[in-house]
Structure formats: structure tokens, C-alpha cells
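*Asks:* All I have is the shape, not the residue letters:
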């Protein structure tokens, strides 16, 4: 008789870069030396650079250059510009960067076109300097600090704007350090991060004092081909439940919402799966953030060079053009389709996840 036992949970993915480059300045910080020590313990090649310049050997082949960069972690120091926090609407009041770049291979990558040079992932060693500036921005934001609807969240700091911090955590320990910092910070504040990865065990036992919200970034399994190098959606949802059980506020980042054929059935099943994963979670504090797929001319060019075989639709003729506050163009779904998508998600979440607060639609 065939067994009906569920398949064992798949182990969470852990990125193993081919090499870790450590700049001279990064080695002056205890955290930088600790990252290097972790890499050595994992059997990863560590190269101590003689200066603060991070360069890879020139590659004639563009694909090889991309692969070399994506297989490299550089340990550097955050420049002074990173210590002047920037607003990050509509997610949070402020952006706090622990790193820049991501080891995943998403063919819609939000970072494409916004980061210069080869896509090397850079982790910051000077955490004390980053932590020291956070109080300077307390109560000064415009997304939650001064919002009637979200004022109870306090001043919010987003840690996953230019990276996926959980993807790097087994190498850096930076996210744990930041969660502990917020847990000890006696102020109306909240740290936020979102992830496509599932290795949360190191975070579950931290004294977070409910001042950190983890969100799982999810998309239907049918679109997994657009999210290379990440954990499966089922694993991400199990990780989210683990964090909810550990007392963390949690959330769903459904992004990017892709209006491909069959999207209603695909996203309906996704929301159903999320509801099942969170059923019975104690003291559940759940949010939802809904972000439709969009691209800029620059990101489209970069992504098509990185992933020339991707069948992700990025046709400007099928989109509506919008102008950002800086005057640049981005392409979003046409208004009629956007209205249809929004109606579906708001109605479906209200039915299947009525405890979820939808923070924004974009």
C-alpha cells in the first residue's frame, strides 16, 4: 500500500559564493572579520584585498562576467551616503541597508538598472556606524510616523530594499544583529524585511520584542521559473509560520504580480496556500503588500542581457507608461487591467485572509 505521509520539508537553500573578497577597511571592523571567519568555516575561498577597491578580472564574455559577479560576495564598508537614510515609500519611513545586491536570479529583478557595475553582492562591515544613525530619523518619516492608518507601527525601517538580507544571513549575521538591536531599542520603532528564502532558524529564538516584521515574498509556483536560486514558495510560507510561532509580526509581499494567462487561478491558489500555512498561528499580526510587475527601459535592457531566454513579458507596447517624480519612465499594466487585478486581490484576501491588513497596492 502506498504511503500517504507528507513529503519531508525541503532543507532551506543556503548560498555558497565561489569567493569572498574582503576590503582593507572591512577588516578593521569586528563584523567584517566575523563574516570572513564564517566563510572560511564553510570552506569558501576568502581573498583579502590590499585596498578598498572591488574588481573582478575582465571577462570578454558577458554571460561569464555576470556569472562571476553573481558568485562573489564582497565585504566592504557602507559609504557615508548609506548613513543618510532615504525614504522608501510605500513600504516604510526609511531604508536601512545591511548589504547591496542579491544572490538570487530573478528575471524581473528590481535591482537591475538601479545598481551600477557587475552584480556583485556587497555586505557591510561597519554595522556600529549604521546602527548609530538610526535614532536620528526617529519620528521623521512620512509613511508610518505621520500616518493615521499606520501610526501604531512607529517609525519604520526597511532592510530589504537593495538586498535580501535573509539570503546572506548564514554568512553575515547582520540581520540577527539588527533584529537584536531593534529588540533592545525602547522606542516606537519597527524593523521590516522581506525575503524569498526560508532559513529562519537563527532568527526564531532572538529577543525581538515584536519590533521586527518578516514578510515572505511569494508568487505562484507556476512562476517559479522567474525566481531562480530562491527557496520554493511552500518553504517560504513554512518559514513565515515558524516566525509567527516565534512571536514575530509577519506579512505577505505578493510581488511582482504577473498578469500572465491563468493569473486568477494561480493567485487564488497562492492566497489559499498562504491561508492554510498561517491557520492557527498564535497572536497573528499579518499584513499584505501588493506590488504589480513593472519595469523601466534601463532595467528591461539589463534583464534581457542577463536572462535572454526568459519568457517574462516586458513589452512596452502592452503597458502604460508612467513618469516617476524624477521624470524617468516606467511601464505598468494598463489602467483597466490594474483595476481588475486590484479588485481580485482585495476581494480574495478579504475572503481567505480576513485578518490581513493590506498596507498598499502599487
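*Replies:* Right, received. Where do you want to start? Keep in mind that this is a model prediction, so the values were computed, not measured.
*Asks:* Residue 153 contacts residue 191, doesn't it?
*Replies:* No - between residue 153 and residue 191 there is no contact under CB atoms under 8 Å: 10.6 Å. From N, CA and C alone the C-beta is placed, and that goes for glycine too.
*Asks:* got a list of what residue 197 touches?
*Replies:* 12-13, 164, 166-167, 230-231, 236, 239 (CB atoms under 8 Å, 6 or more residues apart in numbering).
*Asks:* go again using 6 Å as the cut-off
*Replies:* For residue 197, the contacting residues are 166-167, 231, by CB atoms under 6 Å, 6 or more residues apart in numbering.
*Asks:* for those residues, which one is nearest residue 96?
*Replies:* Nearest to residue 96 out of the contacts of residue 197 is residue 166 (CB to CB; 14.9 Å).
*Asks:* quick one: contacts for the closest one?
*Replies:* If you count contacts by CB under 6 Å, 6+ apart, residue 166 has them with 195, 197.
*Asks:* The stretch 151-300 of the chain: strands as residue ranges?
*Replies:* 155-158, 189-195, 212-218, 227-228, 250-257, 286-292 (DSSP state E, counting those that start in this stretch).
*Asks:* same question for the fourth one, mean pLDDT?
*Replies:* If I follow you right, that is strand 227-228. In this model, strand 227-228 has an average pLDDT of 96.
*Asks:* And the longest one, by the same measure?
*Replies:* Mean pLDDT, strand 250-257: 98.
*Asks:* quick one: the helix ranked longest in the chain to strand 250-257, angle?
*Replies:* For the chain, the longest helix by residue count, based on DSSP state H, is helix 335-352. Relative orientation of helix 335-352 versus strand 250-257 (axes from the mean of the first three to the mean of the last three CA atoms, to 10 degrees): 150 degrees.
*Asks:* Now do the buried residues in helix 335-352.
*Replies:* For helix 335-352, burial by neighbour count (16 or more other CB atoms under 10 Å) applies to 337-338, 341-342, 344-345, 348-349.
*Asks:* That helix: what's the following helix or strand?
*Replies:* strand 357-361 (DSSP states H and E).
*Asks:* partner strands of that following strand, parallel or antiparallel?
*Replies:* strand 286-292 (parallel) (DSSP bridges).
*Asks:* any idea how far the strand it pairs with is from the chain center?
*Replies:* Chain-centre distance of strand 286-292: 13 Å, with CA atoms, centre = their mean, to the nearest Å.
*Asks:* All further residue positions should be reported with the first residue as 219.
*Replies:* Shifting the count to begin at 219 puts that one at strand 504-510.
*Asks:* Show me the contact partners of the worst-scoring helix or strand of the chain on mean pLDDT.
*Replies:* None of the helices or strands of the chain scores lower by mean pLDDT, DSSP states H and E than helix 280-288, at a mean of 88. Outside helix 280-288, the residues within contact range by CB under 6 Å, 6+ apart are 274, 277, 336-338, 524.
*Asks:* Residue 493 contacts residue 571, doesn't it?
*Replies:* Yes - counting by CB atoms under 6 Å, residue 571 is a contact partner of residue 493 at 5.3 Å.
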